[in-house]
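Visitor: Generate coordinates for the sequence data below:
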Amino acid sequence: MKDSPRRNTSVQWPTEVDAYLDHLVRLAASRGVLISRAQMLSALASEASADAADIAALAQRYLGGCRVGDLTRKAADAAQLPAVRHRGRQRAAPS
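Guide: Predicted coordinates for the structure are as follows:
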């Protein structure tokens, strides 16, 4: 899958979600798995359930229950994870 044809997308999402994606990449790196942000998103999407009820429940949990600070608390152990250098142009820090 990782070498298949690509499609560029533009995604806008909360900065906390973006930071959590970085956290997930660092978690993988802590176990010796080097993966890019795009590959991590692809991995998460490809592992998602194809059951409509499961996906609807997932969407409802995000839309109705995920609050500012939730992901930051889940990533509280980030200081113990390895730093990951991203290839290509670096993104600007959120303002």
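
Visitor: For the closest residue in space to Lys74 that isn't next to it in sequence, give its distance to Glu47.
Guide: In this structure, Lys74 finds its nearest non-sequential neighbour in Tyr20, 7.1 Å apart by C-beta to C-beta, 6 or more residues apart in numbering. (Each C-beta comes from the backbone N, C-alpha and C, glycine too.) Plainly put, Tyr20 is 16 Å away from Glu47 if you go by C-beta to C-beta, to the nearest Å.

Visitor: tell me the SS of the residue nearest the centre of the chain?
Guide: Centroid-nearest residue in the chain, with C-alpha atoms, centre = their mean: Leu21, separated by 2.7 Å. Classification of Leu21 using DSSP: H, G, I helix; E, B strand; the rest coil returns helix.

Visitor: Hmm, it is touching Gln39, no?
Guide: No - using C-beta atoms under 8 Å, Leu21 is not in contact with Gln39, being 11.0 Å away.

Visitor: related to what we said a few turns ago, comparing Tyr20 and Glu47, which residue is more hemmed in?
Guide: More crowded of Tyr20 and Glu47, by other C-beta atoms under 10 Å: Tyr20, with 18 against 7.
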